[in-house]
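J.: sequence unavailable; structure follows:
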DNA sequence: ATACATGCAAATAATTTGCTCTCAG
DNA sequence: CTGAGAGCAAATTATTTGCATGTAT
């Protein structure tokens, strides 16, 4: 049983075949798949899996804070496993998503929230850019 | 004719009654209204205005870069007139949106994009927080 | 005059949900 | 065994679009 699976069980979820597959797909994914994509990748392993199950599972994982949801200015959402703090730069020409980290932003967001009398519960930082010629 | 109206005309849009109303509603709004809300506020001025028109108008204004679109982790979008660079902190308990500015973030985002070989075309920075007790 | 806008209603697209059956614990 | 979970299809929600009619320029 993987770590991720253990976390789910600990949270009270039953470890069904479908959930194992979806968790596995997410673990294998280096990108930020949409529900549709997660569904497609999961179907390659078990073709009987349904969209509804993918939606419900992703929803649960999101509640458990195991996956993060992104809205990259598209009509649908993208997901990824919640690993360390990082940010995204979206190439507006190719749609490619580049991840980056930044200690400075980390500090800055805490500082700003602090000044406003708030504690950061969640955040979102995305840059949309064009490759320099 | 307001400045905003002039900008629209300059871009080739016809200045219809509906558009004037919507522009006016946006100018008056201190918050970040959804299309539904813009529609409600507009209807108080001219009850015959339709959702389709609001959607289309907002879409055009967005293309002209006169309004910015926000996805504050809700199921719908919110809009506001595009004034100077600023960011948002969303109070997770009340949903209230607090605007703030930050020279540092301004510089930082340029620097980061630069390092990745990109030019910033657009960006998004939101903090989601809980009020400190 | 005429191309662009509007209102209405129907169409889309993403996501959610009701219901019945299945299976993990 | 029993309640949580799955699949299917229908429902919902936000947004978009086709079309006949209206209007700013």
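T.: Everything's here; your move. These figures come from a predicted structure and were not determined experimentally. Residues are numbered from 1 along each chain as shown, chains lettered A, B, ... in the order given.
J.: contacts only, for the residue nearest to residue A:120 when sequence neighbours are not counted.
T.: Spatial nearest neighbour of residue A:120, excluding adjacent residues (C-beta to C-beta, 6 or more residues apart in numbering or on different chains): residue A:113 at 4.6 Å. Glycine gets a C-beta too; all of them are placed from N, C-alpha and C. Contact partners of residue A:113, counting by C-beta atoms under 8 Å, 6 or more residues apart in numbering or on different chains, are A:119-120, B:89, B:127, B:129.
J.: what about residue A:113, distance to DNA strand D?
T.: 27 Å (C-beta to the nearest atom of the strand, to the nearest Å).
J.: for residue A:109, phi and psi?
T.: In terms of degrees, to the nearest 10, the main-chain angles of residue A:109 are phi -70, psi -30.
J.: which helices and strands does the longest strand anywhere in chain A pack with?
T.: Ordering each strand of chain A by length in residues (DSSP state E) puts strand A:118-131 first. Strand A:118-131 is packed against strand A:87-91, helix A:103-116, helix B:103-115, strand B:118-131, with contacts defined by 3 or more C-beta pairs under 8 Å, 6 or more residues apart in numbering or on different chains; DSSP states H and E.
J.: for whichever helix or strand comes after the first one, what is the distance to the chain centroid?
T.: Using DSSP states H and E, the helix or strand that directly follows strand A:87-91 along the chain is strand A:97-100. Distance, stretch centre to chain centre, for strand A:97-100: 13 Å (C-alpha atoms, centre = their mean, to the nearest Å).
J.: list the contacts for the spatially most central residue of chain A?
T.: Note on chain A: the residue nearest the mean C-alpha position is residue A:80, at 2.4 Å, using C-alpha atoms, centre = their mean. Counting by C-beta under 8 Å, 6+ apart, residue A:80 makes contact with A:26, A:29, A:31-33, A:67-68, A:70.
J.: before we move on, what about residue A:29?
T.: Residue A:29 neighbours (C-beta under 8 Å, 6+ apart): A:38, A:41, A:80.
J.: any idea how far residue B:117 is from the residue of chain A found nearest DNA strand D?
T.: Closest contact between chain A and DNA strand D, by C-beta to the nearest atom of the strand, is at residue A:53 (2.9 Å). Remark: distance between residue A:53 and residue B:117 (C-beta to C-beta, to the nearest Å) = 40 Å.
J.: neighbour count for the two, which is higher?
T.: With neighbours defined as other C-beta atoms under 10 Å in any protein chain shown, residue A:53 and residue B:117 compare such that residue A:53 has more, 17 against 12.
J.: circling back: before we move on, which element is the residue of chain A closest to DNA strand D in?
T.: helix A:51-63.
J.: for the helix or strand following that helix, the distance to its chain's centre please.
T.: Where DSSP H and E defines the elements, the next helix or strand beyond helix A:51-63 is strand A:67-70. Centroid separation for strand A:67-70 versus its chain: 3 Å, with C-alpha atoms, centre = their mean.
J.: ok, stretch A:34-44 next?
T.: 14 Å.
J.: right, is that stretch up against DNA strand C?
T.: Yes. With C-beta under 7 Å from any atom of the strand as the criterion, DNA strand C is reached by stretch A:34-44 at A:34-36.
J.: closest one of the residues you listed to residue A:16?
T.: Nearest to residue A:16, judged by C-beta to C-beta, of these is residue A:35 at 17.8 Å.
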